[in-house]
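>>> below are the sequence and a predicted model; questions follow.
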Amino acid sequence: MLPDMPVIARAQRQVLHRAVRYMAQQGIDQFLDLGPGMPTVGNVHEIAQAVNAEARVVYVDVDPVAAAHGRALLARTEHTGVILADLRDPTYVLSHPVVSELLDLSRPIGVLMIAVLHFLGDEDRPADVVEAYRAATVPGSFLAITHATGDYHPDMAKQAEEVYRRASHQMHYRARSEIYGLLAGYELVRPGLVDMIRWRPDPDAGLDPLGGDVTRYSGYAAVGRNPEPR
Ligand SMILES: C[S@@+](CC[C@H](N)C(=O)[O-])C[C@H]1O[C@@H](n2cnc3c(N)ncnc32)[C@H](O)[C@@H]1O
């Protein structure tokens with residue numbers, strides 16, 4: 001149904017790389033990756049540790065297969081941990097012993113929700129979930145997201161949601177304004193919430209496989225900074 005999906009998945013991954021590199025360059029040396037899937041090429045710790053070898057990463061996935069493979073593959077990788085948990089339970093995630101061991105929440109951290117928020121339905125109160133993680137981090141922390149949208153191809157989005165109804169996770173395409181609302185507590189860094197291939201594109205990336213057609217990616221990306229309290 002979605003022949004562009006392999007390209008879209010890689011593009012999400014590239015946003016992840018650009019966002020982690022950006023955060024690491026701002027001095028972030030600890031990351032909480034919510035919904036990482038199985039460890040693959042260019043994981044968060046690899047990107048972050050290329051900037052700072054001491055960077056620490058905790059991966060949190062609700063899929064037992066992803067978490068088990070993650071644990072096995074990262075068993076000998078320093079400064080990383082894997083938790084089997086549901087990101088919709090921030091209290092459980094943030095008080096988990098692996099988080100306490102690896103992350104110091106009294107210092108800024110980078111929270112990643114790449115291609116995962118669209119698996120939360122409105123009944124999961126995604127804005128409250130995002131806010132709970134923001135509130136648990138100190139000012140100067142960051143959040144990176146990508147999120148699928150039906151803004152360009154609403155019929156495609158409806159059909160895809162229908163297919164996902166038969167899968168382990170349901171999919172919720174959202175409008176840009178709704179996604180913007182999920183980030184309410186954050187100050188978005190430039191260029192804001194934009195079509196994902198337009199979020200600080202890598203000048204050396206070469207030709208875009210979909211001809212730079214943002215409508216075929218149907219996804220937005222943003223990085224927000226947790227501001228000082230007013
Ligand atoms: C499309 S993959 C994204 C993988 C990775 N972030 C990336 O961009 O390459 C979505 C992942 O989120 C996980 N996931 C979905 N809902 C979740 C939840 N409520 N809590 C934790 N992980 C979740 C899925 O198991 C899956 O591994």
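Structure received. It should be emphasised that the depicted structure is a prediction, and the values quoted were computed from it without experimental measurement.
>>> only C-alpha atoms for contact and neighbour calcs from this point on.
OK.
>>> what parts of the protein come near the ligand?
Proximity of the chain to the ligand is confined to 12-13, 34-37, 60-63, 85-88, 114-116, 119 under the rule CA under 6 Å from any ligand atom.
>>> filter the residues you listed down to the buried ones.
12-13, 34-37, 60-63, 85, 87-88, 114-116, 119 (16 or more other CA atoms under 10 Å).
>>> in strands, which of the residues you listed fall?
Of the positions in those, 34, 60-61, 114 sit in strands, assigned by DSSP state E.
>>> would you map the helices across the protein?
5-25, 44-51, 64-74, 90-94, 97-102, 126-135, 154-164, 176-182, 214-217 (DSSP state H).
>>> now do the third one: which elements does it pack against?
Using 3 or more CA pairs under 8 Å, 6 or more residues apart in numbering; DSSP states H and E, the elements in contact with helix 64-74 are strand 80-84.
>>> so of the helices of the chain, which one's packed in deepest?
helix 44-51 (a mean of 21; mean count of other CA atoms under 10 Å).
>>> relative to strand 80-84, how tilted is it?
160 degrees (axes from the mean of the first three to the mean of the last three CA atoms, to 10 degrees).
>>> which residue, other than its chain neighbours, is closest to residue 118?
Computed as CA to CA, 6 or more residues apart in numbering, the closest residue to residue 118 that is not its neighbour in sequence is residue 172, at 4.9 Å.
>>> so that neighbour is in contact with residue 116, correct?
No: the criterion here is CA atoms under 8 Å, and residue 172 misses it with residue 116 at 10.0 Å.
>>> what do these two both touch?
Shared contacts of residue 172 and residue 116, defined by CA atoms under 8 Å, 6 or more residues apart in numbering, are absent.
>>> now tabulate the helices of the chain in JSON lines and tack on mean pLDDT.
Below are these laid out as JSON lines (pLDDT from 0 to 100):
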{"stretch": "helix 5-25", "mean pLDDT": "96"}
{"stretch": "helix 44-51", "mean pLDDT": "94"}
{"stretch": "helix 64-74", "mean pLDDT": "93"}
{"stretch": "helix 90-94", "mean pLDDT": "98"}
{"stretch": "helix 97-102", "mean pLDDT": "97"}
{"stretch": "helix 126-135", "mean pLDDT": "98"}
{"stretch": "helix 154-164", "mean pLDDT": "96"}
{"stretch": "helix 176-182", "mean pLDDT": "98"}
{"stretch": "helix 214-217", "mean pLDDT": "97"}
